[in-house]
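Undergrad: Quick one: sequence and predicted model below, then my questions.
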Amino acid sequence: MADMIKGLFGGPKPSASPVPTGDSDFADFAGAPDPSPASFSAIPTAASFTGVGAAPTGDAVPWTAWYNVHERHSLSEFRQEGVILGFLVVIIIVHVIGTSSNRKKARSWITAHGAVLKKEFALVGFGGPQIPTVDQVETDGLMKVSDSLVWHESLMKEKSPQEFTTYASGRQNIAFIDVNLALHKRYSPITVAVEFAMSLFFESMSTPAERVEAVLYPFDGRESTTVPGQVPGAHELRKDVKSSYDGFVWAVVNKDTMKQLRDDRYDVSLTSTKDSSKLPNWVTIMSESAEITDFLLTPELIKAIESAGELLEHLIITDQPIAQPQTLDETIPKKRVHLSYRIPSSGDYSKLMPIFEYFVCLTDILVQGAHFRAEVLRKVKSTREDAIKRLQKADEDEKAEERALEREKSKKVKRDLELKGLDAKAQKKYLEKEKEREMKKMQKKQTQRG
């Protein structure tokens, strides 16, 4: 301690080694011993640590738990994320399988019905490749033609994963035809299960089914309302082409769907139901006249119905709207032919092809022979006239109510102007007289009721 005090206050310094000349700043360290290599080995380095809290050894790399992720974490910590990821993978797989299955069913339908559509119409689909002919199939083979031409977005559009549609036009007596395929939501099995369960507990909900719904719009002098850009009566420029026939409502209906069809459709509700001994017991006729039934129930149709079996839901010829008309414009006849049948689970459409072919050619039969006697048409028109009269009466009542409101409004304006032109005394007298008139009216009404 005395030596340190002396060194701080200028005392004599211990002599160790000679101080370099001219370098007095480092005089205090001049006597320090030179470091040797062995002295550095005692300094801990990064290689001297082997774990958390480990003492330096000088011969190991310091790989601690902080760098080893597998020591700090385990798969059990990501159990929740793994479950969520698993659910997402299952949902994606089910969606892909379901949508591809529906596309396959739509492809199967257009392949089976394509030959009929190609034969009867000039344009099939939405402007893309045409459906192959029989010669093409025989030459190139069915698989090759099906893969390259039949299934194409231009032939059948996918409106949604469970709904597909196609279109055809360019035929005598037909403006165009729309076809819609409604399939199960295979990409969402839970939704399908819920729909089936709901149909079991609620009668108002029908059992989900895969079906084809086709609507045919015939030419009948109303081209401007069905095909945009057409001149009314343009098809009649050719004397050999006349697409007109008498309007009526007639249907062949599966008894399982008869009640719901009558409740849902206004046009079918105008008919009366009667079974026919010529038809199977699971189907019935809904018609406005027995003479119409005798004309339409041909042997070809009976054979096609028997071939289709209970997959057939209905074949409807109508000129009335589906929904009950609310205005006079909606009562204007618009002729259509509807066909609906369930899609077979096997994918075999051979038994359904006769009814589809008959449906496409039905307008030819109607144009040739659907011209009935005046007595038959009088009965058919009477129902429509009753509906028109009800709408006319409702329209007249509505207009009368509007006129009454206008009169009341004009009277009120006139009264307000008269009151403004009077002084306070005259206004009081005016209001008293008005009140007396109202009381007299009330007494007169009560006397008339009594």
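TA: Now that the structure is in, tell me what you want to look at. Just so it is clear, the model here is predicted, and its values are computed rather than measured.

Undergrad: Let me see the contact set for Val380.
TA: For Val380, the contacting residues are 246-248, 288-289, by C-beta atoms under 8 Å, 6 or more residues apart in numbering. Every C-beta, even on glycine, is put in place using the N, C-alpha and C of the backbone.

Undergrad: Identify, from those, the entry nearest to Ala426.
TA: For Ala426, the closest of the contacts of Val380 turns out to be Gly247, at 66.8 Å, with distances computed as C-beta to C-beta.

Undergrad: secondary structure class for the closest one?
TA: Three-state secondary structure (criterion: DSSP: H, G, I helix; E, B strand; the rest coil) places Gly247 in coil.

Undergrad: What pLDDT is listed against it?
TA: Confidence per residue is given as pLDDT, and for Gly247 that number is 89.

Undergrad: quick one, what contacts it?
TA: So, once contact is read as C-beta under 8 Å, 6+ apart, Gly247 ends up touching 319, 333, 335, 380.

Undergrad: If you rank those by neighbours, which is first?
TA: For those, the largest neighbour count, defined by other C-beta atoms under 10 Å, is 25 neighbours, found at Lys335.

Undergrad: could you measure the residue lying closest to that residue once chain neighbours are set aside against Ser269, distance?
TA: When the adjacent residues along the chain are set aside, Lys335 lies closest to Asp319, with 4.6 Å between them (C-beta to C-beta, 6 or more residues apart in numbering). According to C-beta to C-beta, to the nearest Å, Asp319 and Ser269 sit 14 Å apart.

Undergrad: Likewise for Glu408?
TA: Separation of Glu408 from Ser269 (C-beta to C-beta) stands at 39 Å.

Undergrad: Have a look at those two and say which one is more surrounded.
TA: Neighbour tally, Glu408 and Ser269, criterion other C-beta under 10 Å: the higher count belongs to Ser269, 15 against 10.

Undergrad: pLDDT of stretch 334-344, averaged?
TA: This predicted structure assigns stretch 334-344 an average pLDDT of 94.

Undergrad: Show me which positions of it end up buried.
TA: Within stretch 334-344, the residues that qualify as buried by neighbour count (16 or more other C-beta atoms under 10 Å) are 335-343.

Undergrad: Equivalent analysis for stretch 165-180, please.
TA: Under 16+ other C-beta under 10 Å, the buried positions of stretch 165-180 are 165-168, 171, 173-177, 179.

Undergrad: Output those as a markdown table; include the columns secondary structure and pLDDT.
TA: What follows is these, written out as a markdown table (DSSP: H, G, I helix; E, B strand; the rest coil; pLDDT from 0 to 100):
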| residue | secondary structure | pLDDT |
| --- | --- | --- |
| Thr165 | strand | 93 |
| Thr166 | strand | 93 |
| Tyr167 | strand | 90 |
| Ala168 | strand | 92 |
| Arg171 | strand | 88 |
| Asn173 | coil | 88 |
| Ile174 | strand | 90 |
| Ala175 | strand | 89 |
| Phe176 | strand | 91 |
| Ile177 | strand | 94 |
| Val179 | strand | 95 |
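
Undergrad: Which pair in the residues you listed has the greatest spatial separation?
TA: Of all pairs drawn from the buried residues of stretch 165-180, the widest gap by C-beta to C-beta lies between Thr165 and Asn173 and measures 22.5 Å.

Undergrad: which residues does Val253 contact?
TA: So, once contact is read as C-beta under 8 Å, 6+ apart, Val253 ends up touching 261, 268, 283-286, 313-314, 316.

Undergrad: Low-confidence ranges, the stretch 151-300 of the chain, go.
TA: 151-153, 220-243 (pLDDT under 70).

Undergrad: ranges for the helices of it?
TA: For the stretch 151-300 of the chain, applying DSSP state H, counting those that start in this stretch gives helices covering 189-201, 223-226, 255-264, 266-269, 290-296, 299-308.

Undergrad: Go through those and name the closest to Gly347.
TA: Closest approach to Gly347 among those is made by helix 299-308 (15.4 Å; C-beta to C-beta).

Undergrad: could you say what helices and strands the helix or strand that comes right after the closest one packs with?
TA: Along the chain past helix 299-308, the next helix or strand (assigned with DSSP states H and E) turns out to be strand 312-318. Applying 3 or more C-beta pairs under 8 Å, 6 or more residues apart in numbering; DSSP states H and E, we find strand 312-318 packed against strand 250-254, helix 255-264, helix 266-269, strand 336-342, helix 353-369.

Undergrad: Of those, which is nearest Ala394?
TA: helix 266-269 (15.8 Å).

Undergrad: Tell me which residues of that closest one come out buried.
TA: Under the neighbour-count rule (16+ other C-beta under 10 Å), helix 266-269 has 266-268 buried.

Undergrad: Out of the buried residues of stretch 165-180, which comes closest to Thr298?
TA: Compare each of the buried residues of stretch 165-180 with Thr298 using C-beta to C-beta and the shortest gap goes to Asn173, at 17.1 Å.

Undergrad: Can you tell me how far the closest residue to that closest one other than its chain neighbours is from Glu71?
TA: Closest residue in space to Asn173, ignoring its immediate chain neighbours: Thr363 at 4.2 Å, by C-beta to C-beta, 6+ apart. The spacing between Thr363 and Glu71, counted by C-beta to C-beta, is 81 Å.

Undergrad: Alpha carbons only: can I get stretch 406-413 in PDB?
TA: Included here for stretch 406-413 are C-alpha records, laid out as PDB according to Å, rounded to 0.1, in the frame of the first residue of the first chain:
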ATOM      1  CA  GLU A 406    -106.800  12.200 -56.200                       C
ATOM      2  CA  ARG A 407    -110.300  13.600 -55.600                       C
ATOM      3  CA  GLU A 408    -109.700  13.700 -51.800                       C
ATOM      4  CA  LYS A 409    -106.300  15.400 -52.400                       C
ATOM      5  CA  SER A 410    -107.800  18.100 -54.700                       C
ATOM      6  CA  LYS A 411    -110.700  18.700 -52.200                       C
ATOM      7  CA  LYS A 412    -108.100  19.200 -49.400                       C
ATOM      8  CA  VAL A 413    -106.100  21.700 -51.400                       C
END
